[in-house]
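Participant: please find the sequence and the predicted model below.
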Amino acid sequence: MPRDDKYMVIAFGGNAFQSKGDKGTPEDYWRNAYKAAEIVVSLIEEGYKIALTHGNGPQVGIIAEWMMAGLKMKELPPMTLDIAGAMSQGWLGYLLQQALYNKLVEKGLLGSKVKGVVTVVTQTLVSKDDPDFKNPSKYIGPWYEKEEAEKLAKEYGWFIKPDPRGGYRRVVPSPDPQIQVEIEAIRTLLDNGFIVISDGGGGVPVYKDEKGLLHGVEGVIDKDLGAERMATALGASVLMILTDVEKVYLNFGTPNAKPLDVLTVSEAKKYYAEGHFKPGSMGPKVLAGIRFVENGGKLAIIGHLFKAKEALEGKSGTRIIPG
């Protein structure tokens, strides 16, 4: 479909809500949400129409732990991961929605450049036969030391793996996203002047049965891959993936680490195949960028949350371009 130069999809990483060293208090969440909102509003002032998505891995893990605690006390029934995902969309969407609204009011933009801010609890279609259901790969929840992780795995039947960023975390199925069920609602809101927060955590994974009815499944979709599906379906020109590192690196974490400013799709695919970008970390971000540009997007950017504007101007971040 034709690409609109002023349509942009931004995928926030976890540092939009909880930075390293934060305890995860409401004050931490609000402080970070306002920082993220300020960045979005600066791009609104440049004339962009923006759809936002965000990660939810730590929050889904926290919700799952609350559920486990309730189950252990025999006071609350257990809930499934799809329900936890929907809960996290409301939780984090509320934070961003209010922070954006207030920043727009402060800047005098509400009602002039933007009609309002809306959070859409989003369902994302997946295949119920996706191979990741047999080999879980998505990290959720907090980080554990090895001994504690092994205890939790034994007690709750969790899959636990070492996280490339350190420590051990729970992993759950992460099926490949196909399309957001609510994509036309998201498009209508954008076309009518709203900032849309949707597809949080990649959306709640659902599949269609033979009658066309939807059913939630146990899993968490990667938010970057979900953002690509949404950006492509909306006809956005730019997909911006914001995280807590400034650039993509070759040989990340080694003395030979090399930052990358610009990657053609063919270069990105080569490095991806060589294993430079780890699953559960930079891998899905690069893959999302590759897919977006291959599907007709003009530019994918991976950069630091606090340098979003510089990344858009080509002064920071890594850009994935056709070629």
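Facilitator: Thanks, I have it.
Participant: pLDDT of the helix or strand harbouring residue 263, averaged?
Facilitator: Here residue 263 is covered by strand 262-264, with elements defined by DSSP states H and E. Per-residue pLDDT over strand 262-264 has a mean of 97.
Participant: after it, which helix or strand is next?
Facilitator: For strand 262-264, the succeeding helix or strand toward the C-terminus, using DSSP H and E, is helix 265-273.
Participant: state the number of residues packed around residue 34.
Facilitator: Residue 34: 16 surrounding residues under other C-beta atoms under 10 Å. All C-beta atoms are positioned from the backbone trio N, CA, C, and that covers glycine.
Participant: meant to ask about residue 133, not that
Facilitator: Around residue 133 there are 18 residues (other C-beta under 10 Å).
Participant: phi first, then psi, for it.
Facilitator: phi -70, psi -20 (degrees, to the nearest 10).
Participant: quick one, what contacts the residue lying closest to it once chain neighbours are set aside?
Facilitator: Among residues not flanking residue 133 along the chain, residue 173 sits closest, at 4.6 Å (C-beta to C-beta, 6 or more residues apart in numbering). Contact analysis of residue 173 by C-beta atoms under 8 Å, 6 or more residues apart in numbering lists 130, 132-133, 136-138, 217-220.
Participant: gap between residue 173 and residue 136?
Facilitator: Using C-beta to C-beta, to the nearest Å, residue 173 is found at 5 Å from residue 136.
Participant: tell me which residues in the strand holding residue 263 are buried?
Facilitator: When burial is assessed from 16 or more other C-beta atoms under 10 Å, strand 262-264 yields the following buried residues: residue 263.
Participant: over to stretch 259-279?
Facilitator: Of all the residues in stretch 259-279, those buried under the rule 16+ other C-beta under 10 Å are 260, 263, 265, 268, 271-272, 276-277, 279.
Participant: go on, stretch 94-104?
Facilitator: In stretch 94-104, counting by 16+ other C-beta under 10 Å, buried: 95-101, 103-104.
Participant: cool, and stretch 126-143?
Facilitator: In stretch 126-143, counting by 16+ other C-beta under 10 Å, buried: 126, 130, 132-133, 136-141, 143.
Participant: now do the contacts for the one residue sitting closest to the centre of the chain.
Facilitator: Geometric centre of the chain, nearest residue: residue 223, 3.0 Å, by C-alpha atoms, centre = their mean. Residues near residue 223 by C-beta under 8 Å, 6+ apart: 11, 53-56, 199-202.
Participant: what of residue 269?
Facilitator: Applying C-beta under 8 Å, 6+ apart, the residues near residue 269 are residue 290.
Participant: now for the worst-scoring helix or strand of the chain on mean pLDDT, which elements pack on it?
Facilitator: Every helix and strand of the chain was ranked by mean pLDDT, DSSP states H and E. The lowest is helix 57-72, at a mean of 75. Judged by 3 or more C-beta pairs under 8 Å, 6 or more residues apart in numbering; DSSP states H and E, the packing partners of helix 57-72 are helix 81-107, strand 138-144, strand 168-172.
Participant: what about it, distance to the chain center?
Facilitator: The chain centre lies 19 Å from the centre of helix 57-72; the measure is C-alpha atoms, centre = their mean, to the nearest Å.
Participant: kindly report the same for stretch 297-304.
Facilitator: For stretch 297-304, the separation from the chain centroid amounts to 14 Å (computed by C-alpha atoms, centre = their mean).
Participant: residue 287 contacts residue 272, doesn't it?
Facilitator: Yes - Residue 287 is in contact with residue 272 according to C-beta atoms under 8 Å; the separation is 6.5 Å.
Participant: how about CSV for the buried residues of stretch 259-279, with distance to residue 157 added?
Facilitator: Output for the buried residues of stretch 259-279, formatted as CSV (distance: C-beta to C-beta, whole Å):
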residue, distance to residue 157
260, 40
263, 40
265, 40
268, 37
271, 36
272, 32
276, 33
277, 30
279, 22
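Participant: most widely separated two among those residues?
Facilitator: Distance extremes for those: the farthest pair is 265 and 279 at 19.7 Å, using C-beta to C-beta.
Participant: mind telling me what element residue 207 is part of?
Facilitator: strand 204-208.
Participant: okay, now the unreliable bits of the stretch 201-323 of the chain?
Facilitator: The stretch 201-323 of the chain contains no residues with pLDDT under 70.
Participant: tell me where it has helices.
Facilitator: Applying DSSP state H, counting those that start in this stretch to the stretch 201-323 of the chain gives helices spanning 223-234, 265-273, 283-294, 308-312.
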